[in-house]
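Participant: Any chance you could fold what I've pasted below:
(chains A and B)
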Amino acid sequence: MKPLFAVLCWLPALAGAAEHHVVIDAMKFTPQVVQVKPGDTIVWENRDMFVHNVTAAAAKVSSGDLAPGKTWRYVVRAGASFDYLCTLHPVMKGRVNVK
Amino acid sequence: MKKFTPLLLSSLFAASLAVPAHAAGPNDAQIAAIVVAANAVDIDAGKQAETKTKNKDVRAFAERMVADHSGVNQQATALVQKLHVTPEDNDTSKGLTKDGMAMRTKLAGLSGKAFDKAYVDNEVTYHETVLGALDKTLIPNASNAELKALLVKVRPAFVAHLEHAKHLQAELK
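Facilitator: Have a look, this model is predicted:
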């Protein structure tokens, strides 16, 4: 019974969780700012012809290198909003606003 | 001893990529050769910087230039093969290669902060010059749609590299 109970407890949260997409292309994150809630998933998709990454050192968020065509999924934790960047191309910046 | 002047090299690059107003623009085969030569110049400069710099930010930038410009050249080479276009060497591509060699010879005589500053100063100039050439000469004259699309696709990388180089330039002052 315990596993069933655990699943039932999670259902409302899962039902409310949203998926957000950020495209990496032309040396930009689009949209540059995403508004999310804890439990939501953000999917970064590298459509550029260069390797990029999604890194927010302070928030301990790190995709590792994403080759062209690769995606990275991140489940938002409760906590503060954070700015991130591509460490390979530091002029590429984005932000995750956690409500 | 003659003092090293980044401006001299800047003018070399500018002269290489300048197309006289009265001259006909380059054709696709010539554009392909110019693109490959321009990327090769920055790959070689980056490889030289990787071996000479002690500055971690300059090293990271140089490694990125080698990786990104190699990526552009792989794409360009794959495209010209697909299109059955043979890159046609021309005065601009030859000038770029020659000036790139001259730049590396000058940089070889420098070390430490003097090298870092000269390398980064030239990276700023190089990317500004190539962006100007993309906008005024290469993109407008590309007749094949896929070649034009590739040039448009790589343009933001040159903008990002330029911003990155300018940031480093400010740090090194």
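Participant: Name the helix or strand for the residue positioned nearest the centre of chain B, please.
Facilitator: The centroid of chain B falls nearest to B:Ala38 when counting by Cα atoms, centre = their mean (4.2 Å). Assigned by DSSP states H and E, B:Ala38 belongs to helix B:28-52.
Participant: does chain A sit close to that helix?
Facilitator: No. Judged by Cβ under 8 Å from any Cβ of the partner chain, helix B:28-52 stays clear of chain A, getting no closer than 12.7 Å. From N, CA and C alone the C-beta is placed, and that goes for glycine too.
Participant: Buried residues, that helix. List them.
Facilitator: Neighbour-count burial for helix B:28-52 flags B:28-46, B:48-49, B:52 (criterion: 16 or more other Cβ atoms under 10 Å in any protein chain shown).
Participant: Which secondary structure state does B:Thr125 sit in?
Facilitator: Put simply, B:Thr125 is helix when judged by DSSP: H, G, I helix; E, B strand; the rest coil.
Participant: what do you get for A:Val23?
Facilitator: Classified using three-state DSSP, A:Val23 is strand.
Participant: Share the number of residues neighbouring the closest residue to it other than its chain neighbours, please.
Facilitator: Distances taken as Cβ to Cβ, 6 or more residues apart in numbering or on different chains put A:Thr30 closest to A:Val23, at 4.9 Å, once the chain neighbours are dropped. Residue neighbour count, defined by other Cβ atoms under 10 Å in any protein chain shown, stands at 12 for A:Thr30.
Participant: for B:Thr129, same thing?
Facilitator: 22.
Participant: So for the strand or helix carrying B:Glu171, mean pLDDT?
Facilitator: When elements are assigned from DSSP H and E, B:Glu171 belongs to helix B:145-172. Averaged over helix B:145-172, pLDDT sits at 97.
Participant: What residues sit buried inside stretch A:91-99?
Facilitator: By 16+ other Cβ under 10 Å, the buried positions in stretch A:91-99 come out as A:Val91, A:Met92, A:Gly94, A:Arg95, A:Val96, A:Val98.
Participant: Can I get those residues in JSON lines including secondary structure and distance to chain B?
Facilitator: Formatted as JSON lines, the buried residues of stretch A:91-99 follow (DSSP: H, G, I helix; E, B strand; the rest coil; distance: Cβ to the nearest Cβ, whole Å):
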{"residue": "A:Val91", "secondary structure": "strand", "distance to chain B": "4"}
{"residue": "A:Met92", "secondary structure": "strand", "distance to chain B": "7"}
{"residue": "A:Gly94", "secondary structure": "strand", "distance to chain B": "14"}
{"residue": "A:Arg95", "secondary structure": "strand", "distance to chain B": "18"}
{"residue": "A:Val96", "secondary structure": "strand", "distance to chain B": "21"}
{"residue": "A:Val98", "secondary structure": "strand", "distance to chain B": "27"}
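Participant: Let me know the average pLDDT across the helix holding B:Ala38.
Facilitator: pLDDT averaged over helix B:28-52 gives 97.
Participant: same for that helix, what does it pack against?
Facilitator: Judged by 3 or more Cβ pairs under 8 Å, 6 or more residues apart in numbering or on different chains; DSSP states H and E, helix B:28-52 is in contact with helix B:56-82, helix B:91-108, helix B:112-133, helix B:145-172.
Participant: Would you mind pulling up the elements that the helix holding B:Glu171 packs against?
Facilitator: Helix B:145-172 sits against strand A:89-98, helix B:28-52, helix B:56-82, helix B:112-133, helix B:139-141, with contacts defined as 3+ Cβ pairs under 8 Å, 6+ apart.
Participant: Now with 7 Å, please.
Facilitator: The elements that helix B:145-172 packs onto, with contact taken as 3 or more Cβ pairs under 7 Å, 6 or more residues apart in numbering or on different chains; DSSP states H and E, are strand A:89-98, helix B:56-82, helix B:112-133, helix B:139-141.
Participant: Noted, bye for now.
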